[in-house]
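K.L.:
predicted model follows, preceded by the sequence.
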Amino acid sequence: MMKTVSNFTKVIVGVFAIAVPYTVSAAMLSNEERQAAREAKMEERQNMRQENMEERQADRSAKMEERQANRQEKFCENFTARMEDMKSKLTERKGQFTDRKKKRVDYLDEKRDTRDNMLTEKREEQDARRNAWYEKLEAAADTDEKKAAVVAFKKTIEAAAETRRTAVDQAIDTFRKSVDAAVTTQKENRAGGIDTFEAIVDTALSQAKKDCADGKSAETVRSTFQSSLKSARNTLQSERQEGEKLGVIIKDLAEKRQAEMKSALDAFKKTTDQARADLKAAFGEGEIE
């Protein structure tokens, strides 16, 4: 019996001895598989995170491009609207400039008419005074010599007065024609400058619209337009500076007119002084004023 138990024990121990390596080997294999599985899962999660990150980055890029496109579209919309508004104001100012020109012309014509009327009235008064003077002289002329002296005096004074009037009228007419020519030139230059400015603005606005449609950046569109606008303003400023010279031209013309009128007056005074001296010689000192 003991022998039988002993043999059974040996069998059990033998089986255990054989099974243990396989059990340990199975346990070790299970750990390796679990480690591999864990690594596989980690790699999978890492890949998923990478994919998610790339997806989010692509989504952000897409949204950024969309926002940029929207901003570009909004910029072009606003920019074009502002430029159209500027163009509208330019057209309005151009109309105001035309109205001011017409008003200045009307004012100038009115002012000239007023001066002409004043000059005519003054000459009529001078004629009346001279005629009254001639009547007094004729009444005082009690000899043939005095009567002849009065006739000669009257003839000399009237001729001198007519010469003076002709010279004054010529000086005024020359002045006005020269002023009109200068004003016309200035108007044409100013109008040409405004037209040129308007044309440059139109071209720049069309280019800005095209640049926007081509997808160019807001900085490029704005910079190109401002460069064209600066050129237009420089051109307009140059025309305005030319216009400022008009005042100097008119001042010079006025001084020339005054010099010619003074010359005519001096010549008239010299002639009348001599005629008065001849008349006094015929009438005698103290007989005439």
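P.N.:
Structure's in. What do you need? Given the structure is predicted, the values throughout are model-derived calculations rather than measurements. Numbers count the residues shown, from 1 in each chain.

K.L.:
ok, residue 278 to residue 225 distance?
P.N.:
Applying C-beta to C-beta, to the nearest Å, the value for residue 278 to residue 225 is 80 Å. Where you see a C-beta, it was placed from the backbone N, CA and C, and this is true even at glycine.

K.L.:
now name the helix or strand holding the residue nearest the centre of the chain.
P.N.:
In the chain, the C-alpha nearest the mean C-alpha coordinate belongs to residue 233, at 5.0 Å (C-alpha atoms, centre = their mean). Residue 233 belongs to helix 218-283 when assigned by DSSP states H and E.

K.L.:
now stretch 250-270: buried residues?
P.N.:
Residues 250, 253, 257, 260-261, 264, 268 are the ones in stretch 250-270 that count as buried (16 or more other C-beta atoms under 10 Å).

K.L.:
can I get those residues in TSV including pLDDT and distance to residue 116?
P.N.:
Output for the buried residues of stretch 250-270, formatted as TSV (pLDDT from 0 to 100; distance: C-beta to C-beta, whole Å):
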residue	pLDDT	distance to residue 116
250	91	18
253	95	18
257	96	14
260	96	17
261	96	15
264	96	17
268	96	20
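
K.L.:
closest one of these to residue 129?
P.N.:
Distance to residue 129, by C-beta to C-beta, is smallest for residue 268 among the buried residues of stretch 250-270, at 14.4 Å.

K.L.:
what pLDDT does residue 281 get?
P.N.:
Here the pLDDT value assigned to residue 281 is 91.

K.L.:
now for it: which residues touch it?
P.N.:
residue 149 (C-beta atoms under 8 Å, 6 or more residues apart in numbering).

K.L.:
quick one: the helices in the protein, in order.
P.N.:
Ranges of helices within the chain are 2-140, 144-213, 218-283, based on DSSP state H.
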